Every structure is written in structure tokens, then in C-alpha cells.
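*Asks:* got a predicted structure plus its sequence, pasted below:
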Amino acid sequence: MGIAMRIYWTFKVLGHDQVSILDSSMNAYLADKKNPPKKGMITPQSKTFKARFRPQLLATTEEIGHKHAPSVKEGHPHAPGAKPHKD
């Protein structure tokens, strides 16, 4: 689930809001009678996505606390799951 959340967050921070994550397994999704999947082949329409970076979705070290991200320099934004900062 961690990777899915990271991908979800990445889409959101780049301005793509029509994103969701299955809250269960594929079997549970297929068994849901209220929201049955569409039958047959679906051909998606090609579109161009223009990213709109939203820095307000980044967390600062003050928001997450240094104990959760000790390697992030104070005052710099932190992306969840980012690699530790190295001087």
C-alpha cells in the first residue's frame, strides 16, 4: 500500500485530482454489486496531461518534526518517501 500511496500523492502534487486507490483486493472490487466493472474492451482516449506543481502539498520539517525526518535540513520541504538528504 505504501507504493500506491506514494503514486497517489505524486499525482495529487502534480495537479491530477481524478485519482483513487482500491481500498481492498481486486477480488473484493469485482465482487462489489453496487459498482460492477464495465464489460468488454474500453479504449481510452489519448489526452495530454499538463502538470501543475502544488508546493502547498509538501510538508516542512516543522510539520512532520525532525524525529520523523532527521536527515532533512530544517525549513526545507520534505516529500513523503524521499531519500535522506546528504551534505
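*Replies:* All right, it came through fine.
*Asks:* CA only for contacts and neighbour counts going forward, please
*Replies:* Fine.
*Asks:* ok, residue 16 - contacts?
*Replies:* With contact taken as Cα atoms under 8 Å, 6 or more residues apart in numbering, residue 16 is in contact with residue 51.
*Asks:* so which helix or strand takes in it?
*Replies:* Here residue 16, judged by DSSP states H and E, is contained in no helix and no strand.
*Asks:* which parts of this protein are strands?
*Replies:* Here the chain has its strands, by DSSP state E, at 59-60, 77-78.
*Asks:* average pLDDT for the last one?
*Replies:* For strand 77-78, the mean pLDDT works out to 56.
*Asks:* could you do the first one as well?
*Replies:* For strand 59-60, the per-residue pLDDT values average out at 80.
*Asks:* adjacent strands (with direction) for it?
*Replies:* With DSSP bridges as the test, strand 59-60 is paired with strand 77-78 (antiparallel).
*Asks:* and the helices in this structure?
*Replies:* Under the criterion DSSP state H, the chain contains helices at 2-13, 26-31, 61-64.
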